[in-house]
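Participant: Based on what follows, work out the 3D shape:
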Amino acid sequence: MHVLRQEVAFEGSGAVKRLAIFSGIYLVISVAIAFVFRDDMWLKLQSVAYKSRNFAEAMVEVGYLFAAALFLIFALYGMAELKRRAVDIGWAMLALVLFQPAFTLFKTTLPAIVPFFADPFFAELDKALHFGTDPWVFAHALDDYFNVQILMEFYLTGWAIPAFFLPIVMAATDRDTARVNRTLIVFMFAWAGIGNVLALAGLSVGPVYYDRLLGTDRYPEMMAMLEAKGIFASSIGETQELLWQFYSDGAQALGSGISAFPSVHVAVATAVALYMYERHPLLAIPGGLFWLAVMILSVYTGYHYAIDSYASTILVALLWWGLARKSNRQTALQPATV
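Facilitator: Numbers count the residues shown, from 1 in each chain. Below you'll find the predicted structure:
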């Protein structure tokens, strides 16, 4: 029994520590890129540092809740296990405190590196892929079947909880080291790879900002629909206006920045859904609904073209599939334990 316990016991995830190290390097790179391409960076960095301090304080409050949960859950496995989990949670919290300002700083620097250029292409591609109709029309037709007003609040707050705290959840609850390693790679790709690096390849603002950016009249019906349904007066509309104001003023705040393609919202939702499926097949149902709701709402609110969601889903799913396949091959090659 003692040998069996050693074989299945969680040994602490080096992946969480590596995430913290990566986040530190990521922040340094983001700062360096911002200094190269932007003006008045000292003032902007002060703003980021202030917002990051607020985020760190919020993380500490969350940490208290996780510490209480750890004591109840992992007391079954002994104090040694509890201590390992506490260390991993600490690394995960540090990683997120560094990761989010790095992502924001890089994202808000994108227009200084490459001006927004891809919106006309994506708008026409979206229309062509959906039989000559803009996808937002299909999304708004769902009003007859769902209370989209309630779902929109979920788009901001319900998405943010797993999007920000997935590494902490894994550090606190997941005993499968290979799964944690794999998911953290996918998680980092969904944020940094899709939201920063690949965004440069198709830098765009999305339908809701299209006419403001280009001075055209491409989406008047969508804008009228959003106003008629009270979207502009909601927290979604306020956030959209605030993001545009930050962009126009060249201001900096944690979570600011405009970039439509590919969709970070959908990329992270895909990563969360795939992780839920791996934890238990029954969790695939709520995970899939979570992904579907985020994808529909991203189009409904005008934040994204549908192609943004399709690209994010395919890229994240392909990475997850490749990593899972590699992990399965490595497991198959390991000698059986007697």
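Participant: so where's the protein shaky on pLDDT?
Facilitator: The chain contains residues with pLDDT under 70 at 1-13, 40-83, 148-149, 249-256, 330-338.
Participant: any idea how far Ile113 is from the spatially most central residue of it?
Facilitator: For the chain, the residue sitting closest to the mean C-alpha position, by Cα atoms, centre = their mean, is Val268 at 3.8 Å. For Val268, the distance to Ile113 (Cβ to Cβ, to the nearest Å) stands at 23 Å. Any C-beta I mention is one placed from the backbone N, CA and C, and that applies to glycine too.
Participant: how deep is Tyr209 tucked in, by neighbour count?
Facilitator: Around Tyr209 there are 21 other residues, counting by other Cβ atoms under 10 Å.
Participant: so how far is Gly237 from it?
Facilitator: Taking Cβ to Cβ, one finds Tyr209 at 13 Å from Gly237.
Participant: joint contacts of the two?
Facilitator: Residues touching both Tyr209 and Gly237 (Cβ atoms under 8 Å, 6 or more residues apart in numbering): none.
Participant: what about Asp39, which helix or strand?
Facilitator: In the assignment (DSSP states H and E), Asp39 maps to no helix and no strand.
Participant: Oops, could you answer that again for Val294 instead?
Facilitator: For Val294, the host element (DSSP H and E) is helix 284-300.
Participant: And Trp159, by the same measure?
Facilitator: Here Trp159 sits within helix 159-173, counting by DSSP H and E.
Participant: elements contacting the following helix or strand past that helix?
Facilitator: Downstream of helix 159-173, the next assigned helix or strand under DSSP H and E is helix 177-188. If contacts are counted by 3 or more Cβ pairs under 8 Å, 6 or more residues apart in numbering; DSSP states H and E, helix 177-188 sits against helix 14-37, helix 159-173, helix 264-279, helix 306-333.
Participant: ok, 10 Å please
Facilitator: helix 14-37, helix 79-113, helix 159-173, helix 264-279, helix 306-333 (3 or more Cβ pairs under 10 Å, 6 or more residues apart in numbering; DSSP states H and E).
Participant: and it, which residues are buried?
Facilitator: For helix 177-188, the neighbour count (16 or more other Cβ atoms under 10 Å) marks 178-188 as buried.
Participant: Need those in TSV (columns: distance to Ala92).
Facilitator: What follows is the buried residues of helix 177-188, written out as TSV (distance: Cβ to Cβ, whole Å):
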residue	distance to Ala92
Ala178	17
Arg179	15
Val180	10
Asn181	13
Arg182	16
Thr183	12
Leu184	9
Ile185	15
Val186	15
Phe187	11
Met188	13
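Participant: so which of those would you say is closest to Tyr303?
Facilitator: Nearest to Tyr303 among these is Phe187, at 20.8 Å by Cβ to Cβ.
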